[in-house]
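Asks: Based on what follows, work out the 3D shape:
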Amino acid sequence: CCELEEEARAMSRLWDVIVLTCRDEYTALAYEVQLKTRQQQGLISSETLLLTVADPASRVGSGGATLNALLVATEHLSSRAGYTAVTGDVLNPAGDHSAPRILIMHMGRDFPFDGCCRAFSSIPGIWNVNEGSHLALTSIMCHIDFLLCLLEQRVCVGSPRGVWVCSSDMMLFVGGQEQIGQDWSTFTGGVRAVAIPGPVDYALRHGVYKLDDTGEVCDIIFRGERSTVEKCALPDGNVPLVSGVVFMCPVTAERVLQLQRGPPLENCTYLGVDSGNTPLNVSLFFDMLLSLAKDVTRQAYEGGSRSGAYGRTNVQETGSQLQVDEGISDLIANASNKPDPTISDRQKARKVLWETLREPGTKMEAVVLHDLRYDYIDLRPVQHIERLKKLSGHENVQQGSKSIFKFSPRTHCYIKNGDKISEECVMISCLVNDSLTVKGSSCLTHCRIDYPTEVGSMCLINSVEFNETTCRGLSSPVVIPDGCCLVVFCLLKEKQPVHVTFGVNDILEANMENGTFMGEPWKLFFERTGISSVDLWRDGERQSLFSARLFPVVGTDECSTLLHALWLVGAVKGLQGQYSKWKASRRKSLLEILPHVDVEKEFTLRSMLFADVVVAIQRNALLKSQRLPWVAPFRAAARSGHGKKLLDMLDDVASRAENPGVRARALAGIADVLGAMAGDGTGLRSGPGANREWKSAYLCLEAKRFADGVRLLAAERLKWMGSSRELLRAARHYEGAAQ
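Replies: Sure thing, here's the model as predicted:
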């Protein structure tokens, strides 16, 4: 194997177990397939145990999800070690050198800009794989790939064994090319958090550590007052931001595991929920780890000034229910109307946390990694656009002298004519066969454009498919106005995708009185469309863009869901009776859409589009006698079940080509696709290719009846698709035909 391939295969050898926490069992299964695909590609060690764990309930918080994930991982490790019951001994065996290295990654909240959630949202980067590599890597990188790489190559380098916990709600950016690592020589156990330097103004909206001169954590502050945050400043004036990354030594991890043994913290785990208990919301940082902050007293922590949500004082009592300030993070969970824990439950939980974690003397320190930059992935569309633009110009991430991956504004795209596409536009996995105009700094991801389209500046477009069917009722071209966000979601139990539109500067969770739609106040939106508030919200509901039932989920022959969406943003005018058609449709809000996204279908459609882009790029290159690398994309597409698309394209090129070099390369490409479909470990590609069954096809080629020869080759090939061994033998015959 080539040197780069060996480096890629080594990337995730750091972990014995990787656990991904997910919203529910359905999404857990979908994400498990994605992780295992990366393992099959060599990006994660084959020895790593991969687990996708559904949260036991919708409101267990990051701390509850961590505890539940640690419990499930320990169950698997206990079983592997021969135990008949779960035991913390597998987390902290005799001597830390034999403790497992565990990574717990949290999927985070639903994401209104991508149906695959934050962790698997695509970014404008490609894996830098040599043509001769045996790795079957897809060209499309996701946020989780970038995050895993930075953890393994920068953040966790040289760490002792234990448990790492990482959020996927944030993006880390590299500021330089030197390997960071950390100095672990002074680490004596307990907890080490990773802090990222950031300006005070940014920290006012996020969490920040207050550190003493030795790096020990004195306090963790969430959205503090400016004067409080400024007291946390580092010598350079920045403050240490809570990055969402934390390490626990084996002893501490075992203590955390002990929390699930009794009430009320067992309610954070599936065991507690299965016992009929009410789920308990526990934050990893502002409940669990806050108990370890040196300056936080037990009185303030359990029932005083630091006992509220996020370690603040915003606790009010209504009856016996705990009321906290509600933000976007709570909206989906609250829609289920499940009971909240009582204040008594929270106080009991805090008491147990203090006694289990703080009293034994567990120490918490933080290390500031000055070469990284932190960006929380919030719910502002304009910020997501800026993030993708920033990544498209990101420096290549190195491993030694090799680039692990490279970034570019155009990632895995086929564009028939890009003359009218702004150079500032970012495009990821797009297939453009028709006229496309894009102005300014817009971002298009996973789009099929087979219909004349004009996109304004600062637009965010995801997963659209413009063709004669989806654009029925529209005059040519499709016009998307400046500052528009258009995202398409596949929903469970729905046959048609839903088109969601709003403005890139709209605040989704803002109340109607202060909020906007496409940048205009709701009052003006109502006047323009004829829609009224009673069309969007029921009595007693919080009136925000997030909860507004704006988006039809079923189109008709005369009015597609796309037409509805463009009418809402003012992109189409003069439609007779459009309001009545919209009102008569079955509609949903983002609040109702996001929990029911068909994640499996989203991944399937992206895989199909990836293969179609490969086909278009390679067809175009072959016909122009260009030699583009194709081993890695052919392998990825073929092993994702799209080998037939590649074979059909190569058959067509080989049968039509007048240039003998193009014909030979197309036939050689078929051999590569068949080899990829056969898989590794099935034998050598070299071998005889003169079986008599293929003779008639060979004779046609020798007689220069190329179209007939290619047709006979394809007919014979169908008889050899039954097993990996037969595929490999067929590949040898195509290699012979190409010579």
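Asks: For residue 725, give me its contacts.
Replies: Shown in contact with residue 725 (C-beta atoms under 8 Å, 6 or more residues apart in numbering): 678, 682, 683. Every C-beta, even on glycine, is put in place using the N, C-alpha and C of the backbone.
Asks: most surrounded residue in those?
Replies: residue 678 (22 neighbours; other C-beta atoms under 10 Å).
Asks: In contact with that one, which residues are there?
Replies: Contacts of residue 678 (C-beta under 8 Å, 6+ apart): 724, 725, 727, 728, 731.
Asks: Dihedrals phi and psi, the third one?
Replies: Meaning residue 727. phi -60, psi -40 (degrees, to the nearest 10).
Asks: From the chain's centroid, how far away is stretch 288-299?
Replies: 33 Å (C-alpha atoms, centre = their mean, to the nearest Å).
Asks: List of residues touching it?
Replies: Contacts for stretch 288-299 (C-beta under 8 Å, 6+ apart): 63, 66, 190-191, 193, 210, 212, 216-220, 246, 256, 282, 301, 304, 306, 311, 350, 353-354, 357-358, 362-364.
Asks: Take these and keep only those in helices.
Replies: 63, 66, 256, 301, 350, 353 (DSSP state H).
Asks: farthest pair in the residues you listed?
Replies: 66 and 301 (18.7 Å; C-beta to C-beta).
Asks: Show me which of those two is the more surrounded one.
Replies: Neighbour count, other C-beta under 10 Å: between residue 66 and residue 301, residue 66 has more, with 25 against 22.
Asks: How about the contacts made by the more buried one?
Replies: The contact partners of residue 66, taken as C-beta under 8 Å, 6+ apart, are 21, 104, 106, 165, 256, 284, 288.
Asks: low pLDDT regions in this structure?
Replies: Within the chain, the segments meeting pLDDT under 70 span 1-13, 95-96, 128-139, 175-181, 312-343, 395-404, 557-558, 574.
Asks: residues in contact with residue 53?
Replies: 19, 20, 21, 22, 28, 68, 69, 72.
Asks: Need the residues you listed in JSON lines (columns: neighbour count).
Replies: Output for these, formatted as JSON lines (neighbours: other C-beta atoms under 10 Å):
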{"residue": "19", "neighbour count": "26"}
{"residue": "20", "neighbour count": "23"}
{"residue": "21", "neighbour count": "26"}
{"residue": "22", "neighbour count": "24"}
{"residue": "28", "neighbour count": "19"}
{"residue": "68", "neighbour count": "26"}
{"residue": "69", "neighbour count": "27"}
{"residue": "72", "neighbour count": "22"}
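Asks: The residue lying closest to residue 349 once chain neighbours are set aside: what's it in contact with?
Replies: Closest residue to residue 349 apart from its sequence neighbours, by C-beta to C-beta, 6 or more residues apart in numbering: residue 264 at 5.0 Å. By C-beta under 8 Å, 6+ apart, the contact set of residue 264 is 277, 280, 341, 345, 348, 349, 352.
Asks: Just put those residues in CSV and tack on neighbour count and secondary structure.
Replies: Output for the contacts of residue 264, formatted as CSV (neighbours: other C-beta atoms under 10 Å; DSSP: H, G, I helix; E, B strand; the rest coil):
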residue, neighbour count, secondary structure
277, 19, coil
280, 29, coil
341, 21, coil
345, 20, helix
348, 17, helix
349, 25, helix
352, 19, helix
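Asks: between these, which is nearest residue 665?
Replies: Nearest to residue 665, judged by C-beta to C-beta, of the contacts of residue 264 is residue 280 at 61.9 Å.
Asks: tell me the contacts of that closest one?
Replies: Applying C-beta under 8 Å, 6+ apart, the residues near residue 280 are 60, 64, 264, 265, 267, 268, 272, 341, 345, 346, 349.
Asks: Identify the farthest-apart pair in those.
Replies: The distance between the two most remote of the contacts of residue 280 (C-beta to C-beta) is 15.1 Å, for 272 and 346.
Asks: before we move on, the earlier item: inside helices: which ones of the contacts of residue 725?
Replies: residue 678.
Asks: which of the contacts of residue 725 lies closest to residue 205?
Replies: Looking across the contacts of residue 725 and measuring by C-beta to C-beta, the closest to residue 205 is residue 678, at 52.8 Å.
Asks: quick one: residue 476 from residue 570, how far?
Replies: Distance from residue 476 to residue 570, counting by C-beta to C-beta, to the nearest Å: 18 Å.
Asks: Any buried residues in stretch 580-588, and which?
Replies: 581, 582, 585, 587, 588 (16 or more other C-beta atoms under 10 Å).
Asks: Strands of the stretch 1-150 of the chain, residue ranges please.
Replies: Using DSSP state E, counting those that start in this stretch, the strands found in the stretch 1-150 of the chain span residues 17-22, 49-54, 101-106, 122-123, 125-127, 141-142.
Asks: Give the next helix or strand downstream of the host helix or strand of residue 665.
Replies: Assigned by DSSP states H and E, residue 665 falls within helix 660-678. Remark: after helix 660-678, the chain's next helix or strand is helix 695-702, criterion DSSP H and E.
Asks: what about the helix holding residue 665, distance to the chain center?
Replies: The answer for helix 660-678 is 33 Å, by C-alpha atoms, centre = their mean.
Asks: thinking again about what came up before, mind putting the buried residues of stretch 580-588 in TSV, secondary structure included?
Replies: Output for the buried residues of stretch 580-588, formatted as TSV (DSSP: H, G, I helix; E, B strand; the rest coil):
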residue	secondary structure
581	helix
582	helix
585	coil
587	strand
588	strand
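Asks: quick check: longest strand of this protein.
Replies: strand 239-248 (DSSP state E).
Asks: Kindly export it (C-alpha atoms) in CSV.
Replies: Extracted C-alpha coordinates of strand 239-248, given in CSV (Å, rounded to 0.1, in the frame of the first residue of the first chain):
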residue,chain,number,x,y,z
VAL,A,239,-10.7,34.1,27.0
PRO,A,240,-10.7,30.3,27.2
LEU,A,241,-13.9,29.1,25.5
VAL,A,242,-15.6,25.9,26.4
SER,A,243,-15.0,23.8,23.3
GLY,A,244,-17.1,20.8,24.0
VAL,A,245,-14.1,18.5,24.2
VAL,A,246,-13.1,16.9,27.5
PHE,A,247,-10.9,14.0,28.8
MET,A,248,-11.6,11.8,31.8
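Asks: between it and strand 101-106, how big is the angle?
Replies: Relative orientation of strand 239-248 versus strand 101-106 (axes from the mean of the first three to the mean of the last three C-alpha atoms, to 10 degrees): 130 degrees.
Asks: circling back to that earlier point, could you dump the contacts of residue 53 to JSON lines with distance to residue 703?
Replies: Formatted as JSON lines, the contacts of residue 53 follow (distance: C-beta to C-beta, whole Å):
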{"residue": "19", "distance to residue 703": "61"}
{"residue": "20", "distance to residue 703": "57"}
{"residue": "21", "distance to residue 703": "63"}
{"residue": "22", "distance to residue 703": "59"}
{"residue": "28", "distance to residue 703": "57"}
{"residue": "68", "distance to residue 703": "68"}
{"residue": "69", "distance to residue 703": "65"}
{"residue": "72", "distance to residue 703": "64"}
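Asks: Pick the one among these closest to residue 540.
Replies: residue 22 (31.1 Å).
Asks: which helices and strands sit right next to the helix or strand that contains residue 647?
Replies: Using DSSP H and E, residue 647 sits in helix 643-656. Contact partners of helix 643-656 among helices and strands, from 3 or more C-beta pairs under 8 Å, 6 or more residues apart in numbering; DSSP states H and E: helix 599-623, helix 631-637, helix 660-678, helix 706-717.
Asks: starting at the chain centroid, how far to it?
Replies: 33 Å.
Asks: Give me the more crowded residue out of residue 476 and residue 570.
Replies: residue 570 (16 against 12).
Asks: Can you tell me how far the more buried one is from residue 501?
Replies: Relative to residue 501, and taking C-beta to C-beta, residue 570 is found at 10 Å.
Asks: who touches both of the two?
Replies: Shared contacts of residue 570 and residue 501, defined by C-beta under 8 Å, 6+ apart, comprise residue 518.
Asks: so what's the closest residue to residue 499 other than its chain neighbours up against?
Replies: Closest residue in space to residue 499, ignoring its immediate chain neighbours: residue 565 at 3.8 Å, by C-beta to C-beta, 6+ apart. Residues near residue 565 by C-beta under 8 Å, 6+ apart: 486, 499, 500, 501, 551.
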